[in-house]
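1. pasting the sequence and the predicted model now:
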Amino acid sequence: MAKPQMKRYGRVEPNLLDKLLSAVVVVIALGAIWTSIGVSIANIAPTAANAFTTFSYGLGFVLNAGAHGQSAVISAIVCVIFYASLLLLVIGSLAMSRRKHGDRIPGLVAEFVAALGLGIFLCLFHELRQSTALAGFWTVGIAVFAALLGVCVVCSTYLAFTFPVDEPEKVAVKEEESEKAVTVKEPEPVVEEEKEPEEETASEPIPVEPVPEEEQPKEEQEKEPEPEPIKEEEPADVTPVSVVTEAPAEEEGDYFSSLGKRRKRIPFENMIKRADKETRERYKAIVSALREYDFNDRKSIPGETFSYKRTKLVFITISGKTLKVHFALDPKQFENDPMPIKDASDVKKFEELPSYLKVRSDLAVRRVIMLAERLAKEHNVPKK
């Protein structure tokens, strides 16, 4: 039988735009490490903090050139880059969602993240290049990372609108083809398993050994390819072979067919927990009344048995959603009784407890308790 597979949702396999997004994040991380190392070596953390101030001015539309000088120009560039990429992300995502081109949205996300990183590195380059403590080697590295992010902005924007996307019809056709392929492959292991017992049966019929007596007519068999005289001479030898070969095949056939019909046996305790509130309350009322006597209480998978001196007297079980109680009483005694006692003596496992009563009301609970007290008196069961 095929193993069950977990259902997977969304895009399971990443495309080129997903990889581009991860590449943008890697470039930003490497640039951050490069900048932090240079700032730590030169010990110019306050100067680096000014870069983030310039970046925040751009986000807040603070573009006063008289108060901030050249930093206002960088803030204006940051403002244009950030809000343009944000509008592109929002409007592009809505448009692609309506056209069912969701595979292109990661490209817009990559463009927005790259633009955000580009603005930060531009501010860092502007502030740190004026510092004499930081060597030009480090500022050139920051410029390289800013240029890489600019390239990522252009590439991700281009690919987001030109990347090929699987149409819904093609995806449905692919799913149908995969389902057909699975259905074709499923019967193959079943055929192999059916062939295996035939080989075993051919090797198993060891007890049939009258073959040595027929070694003499082998020459005749070579001359005459017709095997009819052999079958006519010994029909008795052929029948046990056919019986032996057919039996295992039937057994294995029954085995595989029973896999789908078998039902999992639910323990009695779990069935009580899953039952409705009224059934649980009636069960508790019956059990509490029975436990006032010195019964031996034992729970099993089919039900709960109350016995005394190895004699089963009461058995509680659930059939479907109905609580049933069996008693060690003769059902013929209740033929003219108003209580709806039913006979289960035909069932082998209820030979000792042939009478039973279905508990569907509080009146049935009182009747069960009354019958249990009657059995306790007849078998001299003492109270606790």
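-> Arrived safely. Bear in mind that the values here come from a model prediction, so they are computed numbers and not experimental data.

2. in the protein, mark out all the strands, start to finish.
-> 296-299, 303-308, 311-319, 322-327, 342-343, 355-359 (DSSP state E).

3. report the rounded mean pLDDT for the last one.
-> Read it as strand 355-359. Mean per-residue pLDDT for strand 355-359: 92.

4. hey, C-alpha coordinates of that strand in PDB?
-> Extracted in PDB, the C-alpha atoms of strand 355-359 (Å, rounded to 0.1, in the frame of the first residue of the first chain):
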ATOM      1  CA  SER A 355     -30.200 -11.100  29.200                       C
ATOM      2  CA  TYR A 356     -29.500  -7.500  28.400                       C
ATOM      3  CA  LEU A 357     -31.200  -4.100  28.700                       C
ATOM      4  CA  LYS A 358     -30.600  -1.000  26.600                       C
ATOM      5  CA  VAL A 359     -30.100   2.100  28.800                       C
END
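
5. list the contacts of that strand.
-> 279, 282, 286, 322-331, 334, 339-344, 350, 364-365, 367-368, 371 (CB atoms under 8 Å, 6 or more residues apart in numbering). C-betas here are computed from N, CA, C, even on glycine.

6. could you rerun that using 6 Å?
-> Residues external to strand 355-359 that are found in contact with it (CB atoms under 6 Å, 6 or more residues apart in numbering): 282, 322-327, 329, 331, 341-342, 344, 368.

7. and for the residue lying closest to Ser300 once chain neighbours are set aside, the neighbour number?
-> Distances taken as CB to CB, 6 or more residues apart in numbering place Phe268 nearest to Ser300, at 6.8 Å, with adjacent residues excluded. Residues within reach of Phe268, counting by other CB atoms under 10 Å, total 17.

8. same question for Val368.
-> Using other CB under 10 Å, Val368 is surrounded by 26 other residues.

9. how about the residue nearest to it when sequence neighbours are not counted, what does it touch?
-> Distance criterion CB to CB, 6+ apart; nearest residue to Val368, sequence neighbours excluded, is Val325 at 4.9 Å. Applying CB under 6 Å, 6+ apart to Val325 gives the contacts Ile316, Leu357, Val368.

10. again, only using 8 Å
-> Ile286, Val314, Phe315, Ile316, Thr317, Tyr356, Leu357, Val359, Val368, Leu371.

11. bridge partners for it, pull those for me.
-> Ile316, Leu357 (DSSP bridges).

12. low pLDDT regions in the stretch 1-150 of the chain?
-> Scanning the stretch 1-150 of the chain for pLDDT under 70 picks out 1-12, 64-69, 132-135.

13. and with 50 instead?
-> 1 (pLDDT under 50).

14. residues near the nearest residue to Val62 once chain neighbours are set aside, how many?
-> Of all residues not flanking Val62 in the chain, Ser75 sits nearest, at 6.6 Å (CB to CB, 6+ apart). Look at Ser75: counted by other CB under 10 Å, it has 27 neighbours.

15. one more: Val26?
-> Per other CB under 10 Å, the neighbour tally for Val26 reads 10.

16. could you measure from it over to Val381?
-> 80 Å (CB to CB, to the nearest Å).

17. tell me how this protein divides into domains.
-> 16-165, 268-378 (automatic domain parsing).

18. most tightly surrounded among these?
-> domain 16-165 (a mean of 17; mean count of other CB atoms under 10 Å).

19. flag the shaky bits of the stretch 201-350 of the chain, pLDDT-wise.
-> In the stretch 201-350 of the chain, residues with pLDDT under 50: 201-225, 227, 229-253, 255.

20. do that again at 80, thanks
-> 201-265 (pLDDT under 80).

21. helices of that one, start to end?
-> For the stretch 201-350 of the chain, helices defined by DSSP state H, counting those that start in this stretch occupy the ranges 218-223, 228-233, 235-261, 268-274, 277-290.

22. quick check, Ile272 in contact with Tyr283.
-> Yes. Using CB atoms under 8 Å, Ile272 makes contact with Tyr283 at a distance of 6.0 Å.

23. tell me who's in contact with the closest residue to Ala45 other than its chain neighbours.
-> Nearest non-adjacent residue to Ala45, counting by CB to CB, 6+ apart: Val39, 6.0 Å away. When contacts are counted by CB under 8 Å, 6+ apart, Val39 touches Ala45, Thr47, Ala48, Leu128, Leu134.

24. you'd agree the third one is up against Gln130?
-> Spelled out, that is Ala48. No. Ala48 lies out of contact with Gln130 (CB under 8 Å); the separation is 11.8 Å.
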